[in-house]
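1. What follows is a predicted structure for the sequence shown.
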Amino acid sequence: MTSETPLAIPSNSIANAQPAGYWLVVWRRFKRHRVAYVGFFFFLTLLLGVIVGPYLVSFELDQISLSERMQMPSARHWLGTDELGRDTWVRIMHGGRVSLTVGLAVALSTVLIGGLVGILAGYVGGALDNALMRLVDTIYTIPRIVLLLVLSKLAGPGLLNIIIILVALEWTNAARLARSAVLSFREQEFVLAAQCLGASRWRVMLRHLLPNALGPLIVSATLDAGAAIRAETTLSFLGLGIQPPTPSWGNLLTNAATNIFIAPLQVFLPGLFIFFALMSFNLLGDALRDALDPKTMDQ
Amino acid sequence: MLLYVTRRLLQTVPLLLVISALIFTLLHLMPGDLLFRMLEGIPNLRPQDLDRLRRIYGFDDPVYVQYAKWLWQLIQLNPGYSREYGQPVFDIILPALKNTLILTIAAVVLGKIIAIALGIFSAVRQYSIGDYVLTATTFIAYSVPAFWLGLMLIILFSVKLGWLPTSGIVNGELEPGSWAATVDWLKHLILPVAVLAISEIIQVQRFMRSSLLEVLRQDYLTTARAKGLSERVVIGRHALKNALIPVVTIIAVTMPRVVGGSTVVETVFAYPGMGRLLYTSIMGNDYVVAMTVVMIIAVTVVFFNLLADVIYGWLDPRIRYQS
């Protein structure tokens, strides 16, 4: 019973507003996904952790204590200390603020920019579509690491620069997804009806086509957030992203790696948080993809 | 088919031109002047001398003139000299390319064989405990950043156990060519090969699994079973042939990595290959080297993308190219 009644929902909720039906189904399917809970739980814990984490202990971000260098975790220093005796817990939580900010900002921007470009290319078509899609192809052809290295070297370090560079490289995914969604809806009756009623191009695009492209875009945003955190930590690890003394999960790792023989735990910990962040976004993305996939919508 | 390949080959020319122009412009914007670096430290060099030399060597030309000259030199396979080392670019790239090829070919062969085997196992035993464990493991491993994995392996095998060296490729104290030096060289390779092979497995195992599952549902396999063929023949002879088609394509698309290496893994292990050369040349403003490395990578990317399309059509007769 899929193709004709893809949005079939229990009778008691049909009485409610019809447009909510789709998202209600998606929400139910998402809730049924146990994996989604795990991803969501990880994400919320991390978010809460980096927000309140630094206030739970009495150490400052740059509080140096040479008598307490490279300690193992203790009641005083929960995750130990680095080579200058700075508290690792505080530094990882602050680093998480940076890394999660990059992830969320990039995800939001790529969906906005890529989504708009994709809808525009798909709806307007013609030369604009061709030019935009060739641009996307070219960005795809140049290996990601080349552009990341060159652009971040050129732009210089800094949170905003990193975000801009990652958005410049990652918007292509969202653009492709939005474009193909629009192409499959462009010729349908509801678009024709809107045009006949005198809706402007922008109204058709934003009011009628955008909602239909939203599903793939949300999945793409979730996965982009993970990809952005991976790219930011990699760049910071290579010394190009966020620069010390501002901590990021990537540069904390590089810094600790110089003392890998004395304090290997300090190398392990920042990476563990990167891993948690990437996994939470990948789990969420997977669950959302399943929840939003019309092919498997049977309930 | 020939017409299709020719047309696609012709299409790659403008694409490579666009990429080279884009990268040239970007690297041109980088700080640092080739001449100044060559001449710095000469005490009685006056600013007007520098200007004169700059004019003689064409550094005051507009960007597009410099680009055209550079491109012409590159086509003649004479990309110039490294700013950092003062040697011809190819003298620097070829040893790095050799190192990378050794590393990546070992990793790709090892990784892909394991991945395909695990993928087949997962698909044939779908929903078994083994399949669940494998699927969950690759999903979790997918979220592990490569540099962290590399450092964890260093902590385990170099710091804790002391079995393997942390970085580099040779131990200078050993006599080159001796048995001990060869063993030492292989020891240096183990960890980087492992990290690269693991990332290959993560990517290809899932792909192989879903590709084979798709094929297993098809009617011709029911026919094969109905004929009384053993499961070994049904899977190994009939199903695998079709299931491997998309896998071969994905292998072709990922082949440029064999030439370009992995910047992250080579940096973690201080392995002197193409990926690390790309990184050090960009960081050190050695843009003559960086440009050449980027172009070598770009050409392989474009070539293998084309190869993937051609192989796909050749292996799967259902796909026909319009010419």
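-> Cool, the structure landed.

2. Run through the residues that contact A:Ala287.
-> Residues near A:Ala287 by CB atoms under 8 Å, 6 or more residues apart in numbering or on different chains: A:Phe30, A:His33, A:Val35, A:Ala36, A:Gly39. The C-beta positions use only the backbone N, C-alpha and C, and glycine is treated the same way.

3. 6 Å - rerun?
-> Residues near A:Ala287 by CB atoms under 6 Å, 6 or more residues apart in numbering or on different chains: A:His33, A:Val35, A:Ala36.

4. where's it, which helix or strand?
-> helix A:264-292 (DSSP states H and E).

5. if we can go back for a sec, looking at the contacts of A:Ala287, spot the one nearest chain B.
-> For the contacts of A:Ala287, the minimum distance to chain B (CB to the nearest CB) is 9.0 Å, reached by A:Val35.

6. what about the closest one, which helix or strand?
-> Going by DSSP H and E, A:Val35 is in helix A:34-52.

7. Quick one: find the helix or strand in the chain with the lowest mean pLDDT.
-> No chain specified, so I'll use chain A. helix A:11-14 (a mean of 45; mean pLDDT, DSSP states H and E).

8. Sorry, I should have been clearer: chain B.
-> When the helices and strands of chain B are compared on mean pLDDT, DSSP H and E, helix B:34-39 comes out lowest with a mean of 64.

9. List the buried residues for the helix or strand following the helix holding A:Val35?
-> Downstream of helix A:34-52, the next assigned helix or strand under DSSP H and E is helix A:88-124. For helix A:88-124, the buried set under the neighbour-count rule, 16 or more other CB atoms under 10 Å in any protein chain shown, comprises A:88-107, A:109-111, A:113-123.

10. Stretch A:203-216 now?
-> For stretch A:203-216, by 16+ other CB under 10 Å, it's A:Val204, A:Met205, A:His208, A:Leu209, A:Leu210, A:Asn212, A:Ala213, A:Leu214, A:Gly215, A:Pro216.

11. Find the centremost residue of chain B, please.
-> Among the residues of chain B, the one closest to the centroid is B:Arg257, at 1.2 Å (CA atoms, centre = their mean).

12. Which residues of the stretch 51-200 of chain B lie near chain A?
-> Within the stretch 51-200 of chain B, the positions near chain A by CB under 6 Å from any CB of the partner chain are B:Ser143, B:Val144, B:Pro145, B:Phe147, B:Trp148, B:Leu151, B:Ile155, B:Val159.

13. residues near the fourth one, how many?
-> The number of residues packed around B:Phe147, counting by other CB atoms under 10 Å in any protein chain shown, is 25.

14. Contacts only, for it.
-> A:Phe237, B:Val264, B:Val268.

15. The second one looks like it's in a helix, true?
-> What that stands for is B:Val264. Yes. Assigned with DSSP: H, G, I helix; E, B strand; the rest coil, B:Val264 falls within a helix.

16. In terms of pLDDT, where does whatever residue of chain A ends up closest to chain B sit?
-> Nearest residue of chain A to chain B, counting by CB to the nearest CB: A:Gly271, 3.4 Å away. Looking at A:Gly271, its pLDDT is 88.

17. just to revisit the earlier point, tabulate the buried residues of stretch A:203-216 (JSON lines), appending pLDDT.
-> Below are the buried residues of stretch A:203-216 laid out as JSON lines (pLDDT from 0 to 100):
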{"residue": "A:Val204", "pLDDT": "80"}
{"residue": "A:Met205", "pLDDT": "80"}
{"residue": "A:His208", "pLDDT": "79"}
{"residue": "A:Leu209", "pLDDT": "80"}
{"residue": "A:Leu210", "pLDDT": "80"}
{"residue": "A:Asn212", "pLDDT": "78"}
{"residue": "A:Ala213", "pLDDT": "80"}
{"residue": "A:Leu214", "pLDDT": "82"}
{"residue": "A:Gly215", "pLDDT": "81"}
{"residue": "A:Pro216", "pLDDT": "83"}
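
18. Hmm, B:His238 is touching B:Thr223, no?
-> No. Assessed by CB atoms under 6 Å, B:His238 is found out of contact with B:Thr223, at 9.1 Å.

19. More neighbours: which of those two?
-> Between B:His238 and B:Thr223, B:His238 has the larger neighbour count (other CB under 10 Å), namely 18 against 12.

20. okay, now the domains of chain B?
-> Chain B resolves into domains spanning B:2-75, B:91-315 when parsed by automatic domain parsing.

21. highest average neighbour count across those?
-> domain B:91-315 (a mean of 18; mean count of other CB atoms under 10 Å in any protein chain shown).

22. can you list the weak-confidence ranges in chain A?
-> A:1-20, A:63, A:65, A:68, A:70, A:75-77, A:85, A:293-299 (pLDDT under 70).

23. Around chain B, which positions in it sit nearby?
-> Taking CB under 6 Å from any CB as the contact definition, chain A meets chain B at A:138, A:141-143, A:145-146, A:149-150, A:153-154, A:234, A:237, A:261, A:264, A:267, A:271, A:274-275, A:278-279, A:282.

24. Name the SS class of B:Asp184, please.
-> Applying three-state DSSP: B:Asp184 is helix.

25. The residue in chain B positioned nearest to chain A: what's its closest spatial neighbour, skipping adjacent residues?
-> As assessed by CB to the nearest CB, chain A sits closest to B:Trp148 within chain B, at 3.4 Å. If the residues on either side of it in the chain are set aside, B:Trp148 comes closest to A:Gly271, at 3.4 Å by CB to CB, 6 or more residues apart in numbering or on different chains.

26. how near is the one you found to B:Ile154?
-> When distance is defined by CB to CB, to the nearest Å, A:Gly271 is 12 Å away from B:Ile154.

27. now the strand or helix carrying B:Ile245, how far from the centre of its chain.
-> Per DSSP H and E, B:Ile245 falls inside helix B:240-254. Centroid separation for helix B:240-254 versus its chain: 18 Å, with CA atoms, centre = their mean, to the nearest Å.

28. Just the residues contacting whichever helix or strand comes after it, thanks.
-> Per DSSP H and E, the first helix or strand lying C-terminal to helix B:240-254 is helix B:256-260. With CB under 6 Å, 6+ apart as the test, helix B:256-260 has contacts from B:Thr104, B:Val108, B:Met274, B:Ile297, B:Thr300, B:Val301, B:Phe304.

29. what's the closest of those to A:Pro247?
-> Within those, distances to A:Pro247 taken as CB to CB reach their minimum at B:Met274, with 31.1 Å.

30. Contact partners for that closest one?
-> B:Ala96, B:Leu97, B:Thr100, B:Gly260, B:Gly261.

31. any idea which helix or strand carries A:Met133?
-> Residue-wise, A:Met133 maps onto helix A:126-141 under DSSP H and E.
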